[in-house]
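# here's a sequence, model it:
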Amino acid sequence: MKRKFELKKNPAQLIDARIRELDDWRGERLSRVRALVKQADPDVVEEWKWRGVPVWSHDGAICTGETYKNVVKLTFAKGASLEDLSGLCNVSLEGNTRRAIDLHEGETIDVQAFMTLIRAAVALNKS
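Model prediction:
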């Protein structure tokens with residue numbers, strides 16, 4: 001029954017519901033990251049894929065916002081091709097395609113560096 005209900009909601013509503021469902025630091029962090037992505041790229045498209053993963057796209061996937069017990073993971077689809085001068089990406093560094101940022105409780109993110117990374121991912125998708 002829940003699955004049918006989810007199919008009727010748009011991706012933004014599903015992401016809103018996920019944030020409310022988390023009801024802890026992970027929901028707050030996902031909400032903050034979402035706002036930063038939208039601020040960095042006002043034309044971003046929100047999607048809901050792979051049975052419940054928020055995805056932000058612009059001419060292709062920019063990044064996902066996965067939530068786990070102890071981490072909010074932001075995976076950049078083409079992260080290996082992005083110049084991450086601030087060193088935000090801290091996991092999946094050995095792969096040839098993706099890069100990710102694991103955010104743990106209490107950690108902060110460099111807002112300007114993150115927004116620069118989002119804009120670089122959009123530019124890469126457009127190239």
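# now do the contacts for I62.
37, 41, 44, 56, 76-77, 118, 121-122, 125 (CB atoms under 8 Å, 6 or more residues apart in numbering). All C-beta atoms are positioned from the backbone trio N, CA, C, and that covers glycine.
# three-state assignment of it?
strand (DSSP: H, G, I helix; E, B strand; the rest coil).
# before we move on, back to that, make a markdown table out of the contacts of I62 and add pLDDT and distance to D84.
What follows is the contacts of I62, written out as a markdown table (pLDDT from 0 to 100; distance: CB to CB, whole Å):
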| residue | pLDDT | distance to D84 |
| --- | --- | --- |
| V37 | 98 | 16 |
| D41 | 98 | 17 |
| V44 | 98 | 19 |
| W56 | 98 | 17 |
| F76 | 96 | 9 |
| A77 | 93 | 14 |
| I118 | 97 | 12 |
| A121 | 97 | 10 |
| V122 | 97 | 15 |
| N125 | 96 | 16 |
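# ok, of these, which one's closest to S92?
F76 (8.9 Å; CB to CB).
# next structured bit after the lowest-mean-pLDDT helix or strand in the chain?
Every helix and strand of the chain was ranked by mean pLDDT, DSSP states H and E. The lowest is helix 2-8, at a mean of 54. Later in the chain than helix 2-8, the nearest helix or strand by DSSP states H and E is helix 11-22.
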